[in-house]
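Colleague: model this:
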Amino acid sequence: MKKYYHKKLIRDKIPEVIKSNGGKYEIRSLDNEEFETELKNKLLEEVKELISAKKGEEQNELADVLEITKSLSSHYKISFSNLQKYQLEKRRKRGGFKKKLFLIWSDQPAGR
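Modeller: Reported below is the predicted structural model:
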């Protein structure tokens, strides 16, 4: 039996999927610190997949990014509705990205 070492955070039902396909696996539960680290790693993985997504695959990749964002929100004990409120407040104060603006230079440091 050949083993493929993934060593990454997986969705909760992946072991069931592997088993239903006649496969074997080894998993372990992460502690909170490991979980936080692996959620961040997973977010990077999903964002990279979004960046390289082919036309028509964007929805699938965005759904993965959203799932990780919701999991991180829950991990930090921030309700997703509060996160959405904060997002809207930030949009009200600083705007969104509808105008597709690209800043070439300013006389202000970043984030001001």
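Colleague: which stretches of this structure form helices?
Modeller: Residue ranges of the helices in the chain, as given by DSSP state H, are 14-20, 32-51, 58-75, 80-94.
Colleague: now do residue 28 against residue 9, distance only.
Modeller: In this structure, residue 28 lies at 11 Å from residue 9, with Cβ to Cβ, to the nearest Å as the measure. Yep, even glycine has a C-beta here, placed from its N, CA and C like the rest.
Colleague: who's more crowded, these two?
Modeller: Between residue 28 and residue 9, counted using other Cβ atoms under 10 Å, residue 9 has the larger neighbour count: 19 against 5.
Colleague: that older thread, can you redo the helices of the chain as JSON lines with mean neighbour count, mean pLDDT and distance to residue 100?
Modeller: Conversion of the helices of the chain to JSON lines gives the following (neighbours: other Cβ atoms under 10 Å; pLDDT from 0 to 100; distance: least, Cβ to Cβ, whole Å):
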{"stretch": "helix 14-20", "mean neighbour count": "12", "mean pLDDT": "97", "distance to residue 100": "37"}
{"stretch": "helix 32-51", "mean neighbour count": "14", "mean pLDDT": "98", "distance to residue 100": "18"}
{"stretch": "helix 58-75", "mean neighbour count": "14", "mean pLDDT": "97", "distance to residue 100": "17"}
{"stretch": "helix 80-94", "mean neighbour count": "11", "mean pLDDT": "96", "distance to residue 100": "15"}
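Colleague: want to throw those helices into TSV with distance to residue 4?
Modeller: Formatted as TSV, these follow (distance: least, Cβ to Cβ, whole Å):
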stretch	distance to residue 4
helix 14-20	11
helix 32-51	16
helix 58-75	20
helix 80-94	33
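Colleague: which among those is found nearest to residue 107?
Modeller: Nearest to residue 107 among these is helix 80-94 (18.2 Å), distances taken as Cβ to Cβ.
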